[in-house]
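Engineer: Would you be able to build a 3D model of this:
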Amino acid sequence: MEVKAGELLEQIHYPSDLKKLTESDLERVCKELRQYIIDVVSVNGGHFAASLGVVELTVALQYVLNTPYDQLVWDVGHQAYGHKILTGRRSSFHTNRIYKGISGFPKRGESVFDTFGVGHSSTSISAALGMAVASTYKGETDRQHVAVIGDGAMTAGLAFEALNHAGIENSNLLVILNDNCMSIDPNVGALKEYLTDITTSKSYNRFRDDISHVLGKISELGPNAHQIVKKLEKSIKGTLLKKSNFFEALKFRYFGPIDGHDVKHLVKVLKDLRDIPGPKLLHCVTVKGKGFALAEKDQTKWHAPGLFDKITGEIKRTVPDKPQPPKYQDVFGHTLLELAEKNSKIMGITPAMPSGSSLNIMMKAMPDRAFDVGIAEQHAVTFSAGLATQGLVPFCNIYSSFMQRAYDQVIHDVAIQKLNVVFCLDRAGLAGADGPTHHGAYDIAFMRCIPNLVVSAPMNEEELRNLMYTAQLQDMGPFVIRYPRGNGVMPHWQTPMKAIPVGKGRKICDGEDVAVLTIGTTGNEALKAFVELNAEGIHPAHYDMRFVKPLDEELLHEIFQKFKNLVIVEDGCVVGGFGSAVLEFMADNGYAATVIRLGIPDKVIEHGEQPELWAECGYDAQAIMNVTRKLTVTRTTSSIAS
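Structural biologist: This is a model prediction of the structure:
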C-alpha cells in the first residue's frame, strides 16, 4: 500500500533534490521523513526503531556528501530506510521486504547509492576502508568515505580489526559511531561501559564546545596551526577524560559525543570533517525509535514489530480461535531452562540475540548461567569451547547464517578437540523477508564435512526437545541441532523428553513405488503432500532421517533394497547437502536408483514469505506431490512396457 509523503519529502527523489533546500528546511524534512517511515512500516511491516533513530544523521549525510561519488556504507542495514527513501526508492518503498519488492537492506544491485551489500553486522569499516584505499590508489583524493556503525556492531572482532588497520593507512575515512546503547537487545560489554563514561562525563561535555571554539581560533595562527591544534586537542581530551583516548590510540581523530538528532549541528560538523584528512571517528548519541514514544520506551519490542496502529501503537496480532503451535525458538528457550534446572552443567550462550533466540528465558531465570557475549560469533564458539573443557555443557545458540562467521572456531576449537558444545542453529533454511544475507542455506553442507560432529534436524517440537535432551547427555561431543524460523506444528508441544539414538532415523509410514526421505521440518510439507497423494491412490513411503551425520546406514540399506525411486527433501542447499550425502552412500554401496533432490538450488534466493520461497525453490508440499506423481507414473509405465 502506497503512502503519501509530506510536502517537502514529496519533492525529494534523490540527494540532488535535497541539496536544493536551505539548511533551515532540514528539520522539516526530518520530521516528514520520520513520519513517512512510521506510516509505511505500520501498514507494511519491517524493521522500525533503528531507522527512526538515524533520520537526522541520514538527512545530514545526504545533504553534505556528494553521493554516490562520495561513498556511504551503512552497517547491518536496519537503519537504512531513510537512506533508501532519499535515494530514488520512495515510490517503491511500500514493497520493502515483500516478495519481488525492494530489499530491506542496502543492496548493490538495487541502487548505485548502495555502495556495499549488508545484512550481517560490523562490515562497514572494513568495506569503507577498502574503498578509501582504492580511491587513494586511483588518485581520487577528493572522494569521501563514510561508515555508519552502531555501538552494538562495534563489539564484533571485525570492527576492531578494521579500526586497527585504518589507523595506519591514513586514508580519507570517517567512521560515524551511532551510539544508542542498543543492537536488537540492549548492548553489553566493556565497550558499552566505556562509551557511557564518555557520554556522561560532566567535565568532558562541559568543556567540549569551549575547546572547539579555542581550537578554531588557534587555526588562524598559520601553516603550523594544524599540528598545534592536533597536539593540544589530544592533550585536553586525555586530561578531561582519561578513557577518551581509546580511538585515538588507534590513530583516529575522535570528535564528540554530539547530539545525533540536531540536524543543523550535524551538517556543520560533517562539513568541517570533510576538510580534515586521515581517519576520523564522529561519536553521535542517538535514541533508537526516536519520534515514536512507544519505540523509544521499549526498543527491543519495536525493532521489528510487524503491523501496528500508528496512532494507538497497538501491534496487530491475529487472535487464533484455537491453541497455536509455538515458535521453534521458544521451544528451544523453554526446553533449555527445563534441562538446566535438572542439569547444573548446562550453560547458555548467544552472540547478541537473547530475544531473537529466546535465550532470554534462561537469562532471566539463571543470569549466572546464560551469557550474551555481544555481536561476536567467533568468541561465542571459543568461549563455549572453554566452558566445555571444564566439564560444562554449553548450548551455543547462533543463527544459521551467522554461524558462517565462526566456522574456523567450530573446526579448530570444538571439533578437533571433541568438546561437548551443543550448537543450536536457529533460522535454518529460508529465513523469509530478511533475504539472502539471513537465509540459513549452507549449514548442512558446511557442517557435515567436519569430523566428530553430530548434525541433526528435528521434524517438529517434540523432536527438538528430544534432540536437546540427547545432546546434553554425558560425552556426546560436538552436537548440531538446526531448526527454522517461525512456528512449529504441535499446539501441545510440552511432551516428556527422551533420548534419541544418535544417527538413527525413523519410518513415518511404509509405502510403495517411491520413498520420500526428509530431513528436519521439510517432513511436515511431505505430510501435507501425502494427504492428497493418498487420496489419488498413490502411497509413497516416508522416512524422517533426523541425522545428516552420522547417516542411518541401516535404514538407507533398507530403503535402497526396496525402492528404485527416491525423493530427498531438505531446506538447505542441494549442492553438498543432505541429498548429496545420500548419493554418496548410494555410490559407495553399489546401489542404483532414480534419486530426485529437492532443496535450495545453487543460486542466491531473494526475500519473501517463507511459503513463497519454498515454492520458488521447489520443495514445498506441491513440489513433493508433483515429483512423486511423476515418479509413480514413470514406474507404472515402465512396468506395463516390460
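Engineer: got the contact list for the helix or strand hosting residue 17?
Structural biologist: Using DSSP states H and E, the element containing residue 17 is helix 15-18. Residues from elsewhere that reach helix 15-18, judged by C-beta atoms under 8 Å, 6 or more residues apart in numbering: 11-12, 29, 59, 62-63, 65, 67, 86-87, 113. From N, CA and C alone the C-beta is placed, and that goes for glycine too.
Engineer: Could I get those in CSV, plus columns for distance to residue 41, pLDDT and neighbour count?
Structural biologist: Shown next, in CSV, are the contacts of helix 15-18 (distance: C-beta to C-beta, whole Å; pLDDT from 0 to 100; neighbours: other C-beta atoms under 10 Å):
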residue, distance to residue 41, pLDDT, neighbour count
11, 22, 95, 13
12, 19, 96, 25
29, 18, 97, 23
59, 18, 97, 27
62, 20, 98, 25
63, 23, 98, 21
65, 25, 97, 20
67, 24, 97, 21
86, 16, 97, 25
87, 18, 97, 25
113, 20, 97, 21
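Engineer: State the pair within the residues you listed that is farthest apart.
Structural biologist: 11 and 65 (19.4 Å; C-beta to C-beta).
Engineer: Output the lowest mean pLDDT helix or strand found in the protein.
Structural biologist: Sorting the helices and strands of the chain by mean pLDDT, DSSP states H and E puts helix 202-218 at the bottom, at a mean of 48.
Engineer: all helices of the stretch 201-350 of the chain, in order?
Structural biologist: Ranges of helices in the stretch 201-350 of the chain, per DSSP state H, counting those that start in this stretch, are 202-218, 225-240, 246-249, 263-274, 293-297, 328-342.
Engineer: Report the contact partners of the residue nearest to residue 264 when sequence neighbours are not counted.
Structural biologist: Excluding the flanking residues, the one nearest residue 264 by C-beta to C-beta, 6 or more residues apart in numbering is residue 23, at 6.0 Å. Contacts for residue 23 (C-beta under 8 Å, 6+ apart) come out as 63, 264, 267.
Engineer: about what we covered before: filter the contacts of helix 15-18 down to the ones in helices?
Structural biologist: With helices taken from DSSP state H, the overlap with the contacts of helix 15-18 comprises 29, 59, 62-63.
Engineer: could you dump these to a markdown table with distance to residue 600?
Structural biologist: Output for the ones in helices among the contacts of helix 15-18, formatted as a markdown table (distance: C-beta to C-beta, whole Å):
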| residue | distance to residue 600 |
| --- | --- |
| 29 | 42 |
| 59 | 39 |
| 62 | 37 |
| 63 | 42 |
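Engineer: of these, closest to residue 295?
Structural biologist: Taking C-beta to C-beta as the measure, residue 295 sits nearest to residue 59 out of those, at 18.9 Å.
Engineer: Please name the residues that touch the closest one.
Structural biologist: Residue 59 sits next to 18, 26, 29-30, 33, 82, 86, 263 when contact means C-beta under 8 Å, 6+ apart.
Engineer: Now for the residues you listed, which sits with the most neighbours around it?
Structural biologist: residue 33 (27 neighbours; other C-beta atoms under 10 Å).
Engineer: May I have the secondary structure class of it?
Structural biologist: Here residue 33 takes the helix state, with states given by DSSP: H, G, I helix; E, B strand; the rest coil.
Engineer: quick one: contacts for it?
Structural biologist: 9, 55, 58-59, 82, 85-86.
Engineer: Name the surrounding residues that touch stretch 156-170.
Structural biologist: So stretch 156-170 is contacted by 121-123, 125-126, 129, 132-133, 149, 153-154, 173, 175, 247, 250-252, 277-279, 374-376, 378-379 (C-beta under 8 Å, 6+ apart).
Engineer: quick one: average pLDDT of that stretch?
Structural biologist: Averaging pLDDT along stretch 156-170 gives 92.
Engineer: Now that stretch: buried residues?
Structural biologist: For stretch 156-170, burial by neighbour count (16 or more other C-beta atoms under 10 Å) applies to 156, 158-160, 162-163, 165-167.
Engineer: just stretch 253-270 next, same as before
Structural biologist: 253-258, 260-261, 263, 266-267, 269-270.
Engineer: Going by contacts, tell me the helices and strands next to whichever strand or helix holds residue 615.
Structural biologist: According to DSSP H and E, residue 615 maps onto helix 610-617. On a contact count with 3 or more C-beta pairs under 8 Å, 6 or more residues apart in numbering; DSSP states H and E, helix 610-617 meets helix 621-641.
Engineer: Now with 10 Å, please.
Structural biologist: Taking 3 or more C-beta pairs under 10 Å, 6 or more residues apart in numbering; DSSP states H and E as contact, the helices and strands that helix 610-617 lies on are helix 522-535, strand 565-573, strand 594-600, helix 621-641.
Engineer: Run the angle between that helix and strand 565-573 for me.
Structural biologist: On the basis of axes from the mean of the first three to the mean of the last three C-alpha atoms, to 10 degrees, helix 610-617 is oriented at 120 degrees to strand 565-573.
Engineer: re earlier: the residue nearest to residue 264 and residue 270: what is the separation?
Structural biologist: Here the criterion is C-beta to C-beta, to the nearest Å. By it, residue 23 lies 12 Å from residue 270.
Engineer: what's the answer for residue 78, then?
Structural biologist: In terms of C-beta to C-beta, residue 78 sits 22 Å off from residue 270.
Engineer: In the chain, where is pLDDT below threshold?
Structural biologist: Where the chain drops to pLDDT under 70, the residues are 1-2, 182-189, 198-244, 319, 321, 634-642.
Engineer: try 50 this time
Structural biologist: 202-207, 209-211, 214-216, 218-219, 239-243, 640-642 (pLDDT under 50).
Engineer: care to break it down by domain?
Structural biologist: Here the domain assignment for the chain is 9-201+241-297, 328-482, 506-641, based on automatic domain parsing.
Engineer: Most tightly packed of these?
Structural biologist: Ranked by mean neighbour count, those are led by domain 328-482 with a mean of 22 (mean count of other C-beta atoms under 10 Å).
Engineer: any idea whether the residue nearest to residue 125 when sequence neighbours are not counted is helix, strand or coil?
Structural biologist: Residue nearest to residue 125 in three dimensions, not counting chain neighbours: residue 162, with 3.6 Å by C-beta to C-beta, 6+ apart. Counting by three-state DSSP, the backbone at residue 162 sits in helix.
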